[in-house]
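> based on what follows, work out the 3D shape:
(chains A, B and C)
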Amino acid sequence: MRRARADTWERFYAVVRKIPRGRVATYGEVAERAGLPGYARQVGWALHALRPGTRVPWQRVVNVRGACSVRLGSGSEFEQRRRLEREGVEFGPGGRIDLGHFGWPRDRAQ
DNA sequence: AGCGAGGCTGCTG
DNA sequence: CCAGCAGCCTCGC
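Predicted coordinates for the structure are as follows:
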């Protein structure tokens, strides 16, 4: 069988925790770095299922266009943006982040 | 066991 | 950059 769900999610969390402060990574990147390319959607689900109290910088994970994909209405969207801005991440007019500037450089180690 | 939905992505226009 | 289409995996009914 494939990897157990909890095990898979733990990999995602481990990767997310490696994202440097002031940087953001896409779901696809997190999945890829976790050794599970193509699991972008599962990263989203893993963060969705993230329990309060778990120390994971989920706010640094955005979609490939640099926008917060957090489900609207949850209030987390605002929280995410507030946290990122505090880290020095700038948002564009459309509420998007310039991944070319704030994205997590793949060539660099964490 | 089947099916729709979800914090996504890459490829085409 | 946005819209449409298809593929990805897991959850919940």
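
> only C-alpha atoms from now on, for both contacts and neighbour counts.
OK.

> and chain A, which residues reach DNA strand B?
For chain A, the contact set with DNA strand B under CA under 7 Å from any atom of the strand comprises A:26-28, A:38, A:40-42, A:44-45, A:47-50, A:58-59, A:61-65, A:69-71, A:76.

> filter these down to the buried ones, PyMOL style.
A single PyMOL command is used to select the members of those judged buried by 16 or more other CA atoms under 10 Å:
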select buried, chain A and resi 26+27+28+40+42+44+47+58+59+61+62+63+64+69+70
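
> out of the residues of chain A next to DNA strand B, who's near DNA strand C?
By CA under 7 Å from any atom of the strand, the members of these lying near DNA strand C are A:Gly38, A:Ala40, A:Arg41, A:Gln42, A:Arg65.

> can I take it that the last one is in a strand?
No - according to DSSP: H, G, I helix; E, B strand; the rest coil, A:Arg65 belongs to no strand; its state is coil.

> contact partners for it?
Residues near A:Arg65 by CA atoms under 8 Å, 6 or more residues apart in numbering: A:Arg96, A:Ile97, A:Leu99.

> the second one: how many residues sit nearby?
Put plainly, it is A:Ile97. 25 (other CA atoms under 10 Å).

> can you tell me the closest non-neighbouring residue to A:Asn95?
Residue A:95: Gly, not Asn. Spatially, and ignoring its direct neighbours in sequence, A:Gly95 is nearest to A:Ala67 (6.4 Å; CA to CA, 6 or more residues apart in numbering).

> can you tell me how far the one you found is from A:Ala40?
Going from A:Ala67 to A:Ala40 by CA to CA, to the nearest Å gives 15 Å.

> mind listing the helices for chain A?
Along chain A, counting by DSSP state H, helices occupy A:5-18, A:27-33, A:40-48, A:76-87, A:99-102.
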